[in-house]
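J.: need the 3D shape of this:
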Amino acid sequence: MKSLFIRDTSDIGACGADTIIDVRSPAEYAEDHIPGAINLPVLSDVERAQVGTIYKQVSSFTARKVGAALVAQNAAFHLKNALADKTGEWQPLVYCWRGGQRSGSFASILDQVGWRVQLLEGGYRSYRRLVVDTLYHQPLHHRIILIEGGTGTGKTRLLHHLAEAGEQILDLEGLANHRGSLFGKQTGGQPSQKMFETRLAEELAGLDPARLIWIEAESSKVGARIIPGTLWHAMCRAERIEIKSTLSARARFLAQAYRDLTVNVDRLHHQIDQLRAFHSATTLALWHDMAKNSDWEGLAAALVSTHYDPRYAKSAARSELPVKQLVLDDLDDEKLAVVAQELSREFK
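T.: Next up is the predicted model:
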């Protein structure tokens, strides 16, 4: 059995392991884990709480004895199930919270079977420390340009077309699983802040600092997830390209882009009610009527002109002028693909 010491998050991928195994409890794994790791817990959430209680209320010796029995029991289950088809050439990397008893015990069992096991020194905590250092303490050397514009101007769609044109992008809304507005909730909900940061660090590690990175302009939060300080400061200093379009074109675009809300009208009504602090009861009643009558483009236009555009105007007034402004009369995919190709040729 070998210990793996990491000085960079990329060291995980370079270690040669066939499978990364997180032996922490399912709740710990769900909050965040090393990208690509599978969860083979040696203690369930209930068992972990049970051992912790024994440690505090009885003794550390009794807790270790009970814990060892549970780890052996759960390890046997994994050997008979998830690991049953692994050949002698298989090489796992094992970790727990800090590379202690849980991962050490499981790794020892796998080592005794005959597999070439690596044990992550310092566990998940050592990986997490590198993520935090990358996103909050180290300077970001990547060159960034932002795509900004009012709600419904196709910024995210353009970002994806830029990727198809061969450009480097950082899709913050995709990583945060949120479209960045009050109506932006996505199926599955948002990842934890830690997992959002892990995804972000992994994405940045795969981008070439010598090439431009395109990012959609956001506030300091995407839904409930906070953009880490190093990236946020770099975004605040970055040059910007602004997209403008007609209200009718934006309304058509939004009616298509937010189709998931039009098939779940109860959820849409709930989201409209969240705007009570900003608009009169008369205005909200009008928007509710539009939703009841399936007037999706009318509702989108009303929300944009009355709620979103005034807020965007205040934000834009505090910013420097964009390096380029695009006025688009159409926001369909064909048009956005052409724009992406043009931007790709112009900005290097």
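
J.: please, which helix or strand holds residue 169?
T.: Secondary structure assignment for residue 169, by DSSP states H and E: strand 168-170.

J.: which neighbouring elements make contact with the helix or strand following that strand?
T.: For strand 168-170, the following helix or strand on the C-terminal side (DSSP H and E) is helix 172-176. When contacts are defined as 3 or more CB pairs under 8 Å, 6 or more residues apart in numbering; DSSP states H and E, helix 172-176 sits against helix 193-205, strand 212-216, strand 221-222. Using the backbone N, CA and C atoms, a C-beta is placed for each residue, glycine as well.

J.: close enough to count as contact, residue 250 and residue 243?
T.: No - counting by CB atoms under 8 Å, residue 250 stays clear of residue 243, with 9.8 Å between them.

J.: shared neighbours of those two, which are they?
T.: Shared contacts of residue 250 and residue 243, defined by CB atoms under 8 Å, 6 or more residues apart in numbering, comprise residue 153.

J.: these two: who's more crowded?
T.: Shown here are residue 250 and residue 243; by other CB atoms under 10 Å, residue 250 has more neighbours (28 against 23).

J.: tell me who's in contact with that one.
T.: Counting by CB under 8 Å, 6+ apart, residue 250 has contacts 150-153, 300-301, 304, 331.

J.: show the pLDDT at it.
T.: Looking at residue 250, its pLDDT reads 96.

J.: mind checking the SS state of it?
T.: Secondary structure state of residue 250, per DSSP: H, G, I helix; E, B strand; the rest coil, is helix.

J.: separation between it and residue 214?
T.: Distance of residue 250 to residue 214, given as CB to CB, to the nearest Å: 21 Å.

J.: now do the helices in the stretch 201-348 of the chain.
T.: Taking DSSP state H, counting those that start in this stretch as the test, the helices found in the stretch 201-348 of the chain are 229-237, 247-257, 259-262, 265-273, 281-292, 296-303, 309-317, 333-346.

J.: remind me what the shortest one packs against, helices and strands.
T.: In this case it means helix 259-262. Judged by 3+ CB pairs under 8 Å, 6+ apart, helix 259-262 is in contact with helix 265-273.

J.: got the angle between the helix or strand bottoming out on mean pLDDT in the chain and helix 247-257?
T.: Taking mean pLDDT, DSSP states H and E as the measure, the chain has helix 309-317 as its least confident helix or strand, at a mean of 82. Interaxial angle of helix 309-317 relative to helix 247-257 (axes from the mean of the first three to the mean of the last three CA atoms, to 10 degrees): 110 degrees.

J.: residue 136 touches residue 229, doesn't it?
T.: Yes - counting by CB under 8 Å, residue 136 touches residue 229, with 5.2 Å between them.

J.: before we move on, back to that, pull the residues that contact the strand holding residue 169.
T.: Taking CB under 8 Å, 6+ apart as the rule, strand 168-170 contacts 159-160, 162-163, 200, 203-204, 207-208, 211-215.

J.: no more questions from me, cheers.
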